[in-house]
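>>> What follows is a predicted structure for the sequence shown.
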Amino acid sequence: MMKKALFLTTIFMCFFIVAQASGKVKTVSIKSDILGCTKYYNVYFPDGYKTSGKQYPVLYLLHGLSGTHETWAQNYDMARIVNETIESGMCHPMIIIMPDASGENARHCGRHTGYQNQEGWAYEDYFFKELIPHVEKTYRIIGDRAHRAIAGLSMGGHGTFMYASHHPEMFSSACPMSARLTGVTEVDEDHDQAYIDDMKNNDFVKKFPTYSAEKIKAMKTVRWLFDCGDDDKLLDGTLKMYMLMREQGFNAELRVRNGGHAQRYWRDSLPLTLTFVSIGFTEH
């Protein structure tokens, strides 16, 4: 509690500092033996990374349906928001990894869409067995659970919940934003059928009551933040999941703000997420 209080005191003392940080985003490729192809990810380096010699905590930030590894930086003004949030004292400097889970058509929602394992396309295995080890070997990342967090929006919120529930030993915090947590999904001729089937089969609201006591205990070690707009079509799933977890005594928080399933909402979500995961980095 003392660490948390000191961190929050620092946050509020620094709140009115003018943002001057200049963290950078870089696109990097990785050859995946599991997927049998080259994948890409964006990496955000905080200001001073090249010269500080320090090790940093890491946030894995997942995009939504029809997005790519570039979406957070290109569409949501991610670098500016992170720079300002760090400079204001609202979060720790951190490395942020934005992987690519896009599908293979013009709208990025065709074959091989999503963060789940599919027949012939084991993306979740790639994420944990190749991407994370590669990232944490390549960059100056602290590389333990206490300093590793995950967040994502919509389909990426689905991936965030899935990854943190499958591997709670890997993450100190998980932040599903506007997350697709129920089996309801749009049916569009451009959407990959395997993705649609996965959303239906992975209705986490329905699955949660079937989790074993051991799984629940493990998931409780993760700090959870759910954030969804009051006009978002996915709000119902967020509220139901939050209440299910609250009934089980989870360390979970909920934010419902004005807004819908839209870029503006996610831009405003990012500083909240950065602060939340930073407190988690401090508490451990």
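Right, received. Where do you want to start? Numbering: from 1, shown residues only.

>>> Surely residue 103 is in a strand?
No: read with DSSP: H, G, I helix; E, B strand; the rest coil, residue 103 is coil and lies in no strand.

>>> So what does it have for phi and psi?
Residue 103 adopts backbone torsions of phi -90, psi 170, taken as degrees, to the nearest 10.

>>> How many neighbouring residues does it have?
When neighbours are counted by other CB atoms under 10 Å, residue 103 registers 21. For glycine as for every other residue, the C-beta is placed from the backbone atoms N, C-alpha and C.

>>> Can you pull the phi/psi pair for the nearest residue to it once chain neighbours are set aside?
Excluding the flanking residues, the one nearest residue 103 by CB to CB, 6 or more residues apart in numbering is residue 113, at 3.3 Å. Per-residue torsions, residue 113: phi -80, psi 140 (degrees, to the nearest 10).

>>> wait, residue 113 sits on residue 197?
No: applying CB atoms under 8 Å, one finds residue 113 not in contact with residue 197, separated by 11.1 Å.

>>> Compare the two and say which is more crowded by neighbours.
residue 113 (28 against 14).

>>> Please, where are all the helices along the stretch 151-284 of the chain?
155-166, 193-201, 204-207, 213-219, 235-247, 263-283 (DSSP state H, counting those that start in this stretch).

>>> tell me which residues of the second one are tucked away?
Of the residues in helix 193-201, those buried under the neighbour-count criterion (16 or more other CB atoms under 10 Å) are 194, 195, 196, 198, 199.

>>> quick one: which of these is nearest residue 242?
residue 199 (19.4 Å; CB to CB).

>>> So the closest one versus residue 137, what's the distance?
Distance, residue 199 to residue 137, using CB to CB, to the nearest Å: 33 Å.

>>> Format the buried residues of helix 193-201 as a markdown table; extra columns: distance to residue 56 and pLDDT.
Formatted as a markdown table, the buried residues of helix 193-201 follow (distance: CB to CB, whole Å; pLDDT from 0 to 100):
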| residue | distance to residue 56 | pLDDT |
| --- | --- | --- |
| 194 | 35 | 79 |
| 195 | 33 | 81 |
| 196 | 37 | 81 |
| 198 | 33 | 79 |
| 199 | 34 | 78 |
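
>>> Closest to residue 28 out of those?
Proximity to residue 28 was ranked across these by CB to CB; first place goes to residue 195, at 25.0 Å.

>>> So the closest one is in contact with residue 107, correct?
No: assessed by CB under 8 Å, residue 195 is found out of contact with residue 107, at 12.0 Å.

>>> Name the residues contacting each of those two.
Among the neighbours of residue 195, none is also in contact with residue 107 (CB atoms under 8 Å, 6 or more residues apart in numbering).

>>> picking up where we left off before, the residue nearest to residue 103: what's it in contact with?
65, 101, 102, 103, 155, 191, 192, 194, 195.

>>> The first one: what secondary structure?
Each residue gets one of three states, and residue 65 gets coil by three-state DSSP.

>>> give the contact list for it.
Contact analysis of residue 65 by CB under 8 Å, 6+ apart lists 108, 109, 113, 154, 155, 191, 195.

>>> what about 7 Å?
Neighbour list for residue 65: 109, 154, 155 [criterion: CB atoms under 7 Å, 6 or more residues apart in numbering].

>>> Look at the most centrally placed residue in the chain and report its pLDDT.
Nearest to the geometric centre of the chain sits residue 151, at 1.5 Å (CA atoms, centre = their mean). At residue 151, the pLDDT value in this model is 98.

>>> Next up, the contacts around the closest residue in space to it that isn't next to it in sequence.
In space, and not counting its chain neighbours, residue 151 is closest to residue 175: 3.7 Å by CB to CB, 6+ apart. Residue 175 makes contacts with 151, 160, 225, 227, 273, 276, 277, as judged by CB under 7 Å, 6+ apart.

>>> redo that, cut-off 6 Å
For residue 175, the contact set (CB atoms under 6 Å, 6 or more residues apart in numbering) comprises 151, 225, 273.
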